[in-house]
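Visitor: Pasting a predicted model and its sequence here:
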Amino acid sequence: MATDDYRLNPLDLSNKCRPSFFRFKSTAEVDPLRGIIGQDRAVRSLGFALDIGNEGYNVYLAGYFGTGRTTLALDMLNQKASSKPIPDDWCYVHNFKNHEIPNALRLPAGMGAEFKKDVAEIMDSVHAGGLGGTFGGNPLSCRAALAVLDAIRDEDLVARSQELGLKVRAELDRLAAAHPIIGQVRGLGPMLALELVKDRQTKEPATEEAKELVRYCQEHGLLILDCGTLGNNIRTLMPLTITPEQLARGLEILGDGLDHLSR
């Protein structure tokens, strides 16, 4: 078969029409086309599917791209929805008991966007640092805190704290008796404080000496903290799991540091 017999001239690929043929001057005067040309059966089928009121049905549209199927479906859905009650809004929020299954909140129509806006305003209204700090937390840290409370109960750590506090207090009282720079020993349990003063009568704070004690202990393997408004307090807060050997070594370094200050 000779293909030249079917060859088309470029002019044969276009069509011309007279403007006088149309009843309008501009396409702006023409109502938008609804539906898909030549697909009346598909349109009726889609309309039938959208009229099914039972749950569990899904509509699948097949066809070539660019045929207008998506536009048609959206138009028909909007027309259908305009005759129905406005559905409620659904908002999903974090579920702290099971983070993989969020909690669903059912709100009156239009309130979902307002709820989202209100939550954002509440979060933004918190001052800098208001969502963090010593007493701040997140779901993971809260979960860890609950595990800690279980360990405190199961391992009888309250009794351990009392026992440890008595030992540390006795040693700090002994150090205070030997070092006039210690103006007072105070606190409960193992969380105790040594207040360093230049003179026990005037209670003048020994701030620089406290910093020197921190430096000395750090250089010798013991981490301690100077604290208080005037920076002249040394606070002890060892872990409840500390071994007797570790405790004895730490108190020994602290005592050596106080001897260092007396020289």
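Guide: Yep, it's here.

Visitor: Okay, helices next: where are they in the stretch 1-150 of the chain?
Guide: Secondary structure of the stretch 1-150 of the chain by DSSP state H, counting those that start in this stretch: the helices cover 40-50, 69-82, 111-125, 139-154.

Visitor: Does anything pack onto the first one? Which helices or strands?
Guide: Counting contacts by 3 or more Cβ pairs under 8 Å, 6 or more residues apart in numbering; DSSP states H and E, helix 40-50 is packed against helix 69-82. For glycine as for every other residue, the C-beta is placed from the backbone atoms N, C-alpha and C.

Visitor: on that earlier part again, nearest to residue 92, of the helices of the stretch 1-150 of the chain?
Guide: helix 111-125 (10.1 Å; Cβ to Cβ).

Visitor: And the closest one, what's buried?
Guide: Buried positions in helix 111-125, judged by neighbour count with 16 or more other Cβ atoms under 10 Å: residue 112.

Visitor: can you count the residues close to residue 251?
Guide: Counted by other Cβ atoms under 10 Å, the residues lying close to residue 251 total 19.

Visitor: ditto for residue 190
Guide: 22.

Visitor: before we move on, what about the one 3 residues further on?
Guide: Residue 193 has 18 neighbours, counted by other Cβ under 10 Å.

Visitor: does it really touch residue 183, like I thought?
Guide: No. At 10.6 Å, residue 193 and residue 183 do not qualify as touching, with contact defined as Cβ atoms under 8 Å.

Visitor: Can you give me the distance of residue 81 to residue 59?
Guide: Remark: distance between residue 81 and residue 59 (Cβ to Cβ, to the nearest Å) = 14 Å.

Visitor: er, residue 27 actually
Guide: Taking Cβ to Cβ as the measure, residue 27 falls 31 Å from residue 59.

Visitor: neighbour-wise, which of the two wins?
Guide: For residue 27 versus residue 59, the count of surrounding residues by other Cβ under 10 Å is larger for residue 59: 12 against 8.

Visitor: Tell me, how many residues neighbour the closest residue to the more buried one other than its chain neighbours?
Guide: Leaving aside its chain neighbours, residue 59 sits nearest to residue 49 (4.8 Å; criterion: Cβ to Cβ, 6 or more residues apart in numbering). Residue 49: 14 surrounding residues under other Cβ under 10 Å.

Visitor: okay, residue 49: pLDDT?
Guide: You'll see residue 49 listed with a pLDDT of 89.

Visitor: just checking, it touches residue 61?
Guide: No. Taking contacts as Cβ under 8 Å, residue 49 lies outside contact range of residue 61: 9.9 Å.

Visitor: picking up where we left off before, so which of the helices of the stretch 1-150 of the chain gets nearest residue 31?
Guide: Residue 31 lies closest to helix 69-82 among these, at 12.9 Å (Cβ to Cβ).

Visitor: ok now the closest one, how far from the chain's centre?
Guide: Centroid displacement of helix 69-82 relative to its chain, using Cα atoms, centre = their mean, to the nearest Å, is 39 Å.

Visitor: Report the buried residues of it.
Guide: Result for helix 69-82 [16+ other Cβ under 10 Å]: buried residues 69, 72, 76.

Visitor: any chance of those in TSV, plus distance to residue 258 and pLDDT?
Guide: Shown next, in TSV, are the buried residues of helix 69-82 (distance: Cβ to Cβ, whole Å; pLDDT from 0 to 100):
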residue	distance to residue 258	pLDDT
69	86	85
72	87	86
76	86	89
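
Visitor: Report pLDDT for the residue most central in space within the chain.
Guide: Central residue of the chain (Cα atoms, centre = their mean): residue 138, 6.9 Å from the mean position. On pLDDT, residue 138 comes in at 74.
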